[in-house]
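Engineer: model the structure of this input:
(one chain, ligands or ions: 1)
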Amino acid sequence: MKMRSVAVAAVCGLAVGVAMTAVRVEAQAKPIPVMLLDGESGGPYHAWRLTTPVMKKELEETGLFAVTVVTAPAWGEDFSGFKPDFAQYRAVVLNYDAPDWPEALETQFEAYVRSGGGLVVVHAADNAFPHWVGFNEMIGMGGWRGRDESAGPMWYFEDGKLVKDTTTPGTAGHHGARLPFQVVTRAPENPIMKGLPAVWMHAADELYGTLRGPGKNMTVLATAHSDPLNKGTGHDEPMAMTIAYGRGRVFHTPMGHDVEALSCVGLMTLLQRGTEWAATGRVTQKVPRDFPTAKTTSVRVDIEAMDPGFLNGASDPVRETSR
Ligand code: ZN
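Structural biologist: Residues are numbered from 1 along each chain as shown. Alright, predicted model coming up:
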């Protein structure tokens, strides 16, 4: 008996050793190289200098990614020296919105995604490049910068199904006041969505509607109802999509206007999981415990505080006490 228990202990010890080795190997796994591209936006309301550090922090907190920020020249400046080595990265996250690029750069980027590079498109990055056919195929749908019915149909959900509106004319891109809104999961088995609640409350953000585009190879993962009481379309608008472009995987969310919106644990989770999926085709991250519920938002105050304007509206403690 004594011999046997020693043998069992030895086997257990071996098993623990193997398990610890596995953990160590996982911990030492090389971080996934990700490029976070910024440098231009449609206006000061899209403050990329504030939102880029937030997105970098949120991605790196997972322990999965090594994020390199690459800042393009401002639009209209000299692009001749701007030659990002896309191939070094498993995914490119776009916090970037410019009207166009030199043709050689567009061709290089198309080749990168088509050959299997990941792409993540956040908020106004889907305003960029209205005339670049390949880019509009990558993002599925976009808005503003002169897009109208010539950019493609409007896409939204009605009665639980994706609708392609090819008949309504008009410009693309619209939102009401920044308010919290519910996000509804439409593809619960998708790796990015797996385990997330069916309905959850996103923090105050712009709810994009009337986006247009080719919508080729696009899967809508989540929608939000655009409330006519807040100048909305009355439709359930896509809030998270995947698009296949050649061998490349694209994750696109129109959410994320500012630091406040990006401080939502729900959106943060989508960004983290969508980036892993775009880079590797799978998602290994657990859903965080503080994920928002159907009725209650969940924001990270430490992220909100990364916007120096965060305290502008806060009550003045001196005045509070002297009243
Ligand atoms: Zn915006």
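
Engineer: only C-alpha atoms from now on, for both contacts and neighbour counts.
Structural biologist: OK.

Engineer: who's in contact with stretch 113-122?
Structural biologist: Stretch 113-122 has contacts (Cα atoms under 8 Å, 6 or more residues apart in numbering) with 87, 89-95, 139, 245-256, 274-275, 278-280.

Engineer: mind checking which of these land in helices?
Structural biologist: Judged by DSSP state H, the subset of these located in helices is 139, 274, 275, 278, 279, 280.

Engineer: quick revisit: buried ones only from the contacts of stretch 113-122, please, as a ChimeraX command.
Structural biologist: The ChimeraX selection below is limited to those of these classed as buried (16 or more other Cα atoms under 10 Å):
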select :87,89,90,91,92,93,94,95,139,245,246,248,249,250,251,252,253,254,255,256,274,275,278,279,280
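
Engineer: the longest strand seen in the chain packs against which elements?
Structural biologist: With secondary structure taken from DSSP state E, the chain has its longest strand at strand 236-245. Contacts defined by 3 or more Cα pairs under 8 Å, 6 or more residues apart in numbering; DSSP states H and E place strand 236-245 against helix 133-139, strand 154-158, strand 218-225, strand 248-253.

Engineer: go again with 6 Å.
Structural biologist: strand 154-158, strand 218-225, strand 248-253 (3 or more Cα pairs under 6 Å, 6 or more residues apart in numbering; DSSP states H and E).

Engineer: quick one: mean pLDDT for the second one?
Structural biologist: I take that to be strand 218-225. Strand 218-225 carries an average pLDDT of 98.

Engineer: so where is the stretch 1-150 of the chain shaky, pLDDT-wise?
Structural biologist: In the predicted model of the stretch 1-150 of the chain, residues 1-28 satisfy pLDDT under 70.

Engineer: helix/strand/coil for the most centrally placed residue in the chain?
Structural biologist: Nearest to the mean C-alpha position of the chain, counting by Cα atoms, centre = their mean, stands residue 271 at 3.9 Å. Counting by DSSP: H, G, I helix; E, B strand; the rest coil, the backbone at residue 271 sits in helix.

Engineer: with adjacent residues omitted, what lies nearest to it?
Structural biologist: Nearest residue to residue 271, sequence neighbours excluded (Cα to Cα, 6 or more residues apart in numbering): residue 59, at 7.5 Å.

Engineer: repeat for residue 198
Structural biologist: Nearest residue to residue 198 in three dimensions, chain neighbours excluded: residue 185, at 5.0 Å (Cα to Cα, 6+ apart).

Engineer: likewise for residue 273?
Structural biologist: Per Cα to Cα, 6+ apart, closest to residue 273 is residue 192, 5.5 Å.

Engineer: secondary structure element for the one you found?
Structural biologist: Taking DSSP states H and E as the definition, residue 192 sits outside all helices and strands.

Engineer: quick one: pLDDT of it?
Structural biologist: 98.

Engineer: so what's the residue count around it?
Structural biologist: For residue 192, the neighbour count with other Cα atoms under 10 Å is 28.

Engineer: just to check, it is in contact with residue 271?
Structural biologist: No. Contact criterion Cα atoms under 6 Å: residue 192 and residue 271 do not qualify, at 9.3 Å.

Engineer: which stretches of the stretch 101-250 of the chain form strands?
Structural biologist: Along the stretch 101-250 of the chain, counting by DSSP state E, counting those that start in this stretch, strands occupy 118-122, 154-158, 161-165, 179-185, 199-205, 218-225, 236-245, 248-253.

Engineer: residues contacting residue 294?
Structural biologist: Taking Cα atoms under 6 Å, 6 or more residues apart in numbering, we find residue 294 in contact with 199, 200, 201.

Engineer: ok, now with 8 Å
Structural biologist: Neighbouring residues of residue 294 by Cα under 8 Å, 6+ apart: 182, 197, 199, 200, 201.

Engineer: for the closest residue to the fourth one other than its chain neighbours, give me phi and psi.
Structural biologist: Closest residue in space to residue 200, ignoring its immediate chain neighbours: residue 294 at 4.0 Å, by Cα to Cα, 6+ apart. When read as degrees, to the nearest 10, the backbone of residue 294 gives phi -60, psi -30.

Engineer: report the separation between residue 97 and residue 51.
Structural biologist: Distance, residue 97 to residue 51, by Cα to Cα, to the nearest Å: 13 Å.

Engineer: ok, residue 129 next?
Structural biologist: On the measure of Cα to Cα, residue 129 and residue 51 end up 20 Å apart.

Engineer: what do you get for residue 93?
Structural biologist: 12 Å.

Engineer: show me what contacts the residue nearest to residue 264 when sequence neighbours are not counted?
Structural biologist: In space, and not counting its chain neighbours, residue 264 is closest to residue 299: 4.4 Å by Cα to Cα, 6+ apart. Shown in contact with residue 299 (Cα under 8 Å, 6+ apart): 203, 263, 264, 265.

Engineer: right, I'll leave it there.
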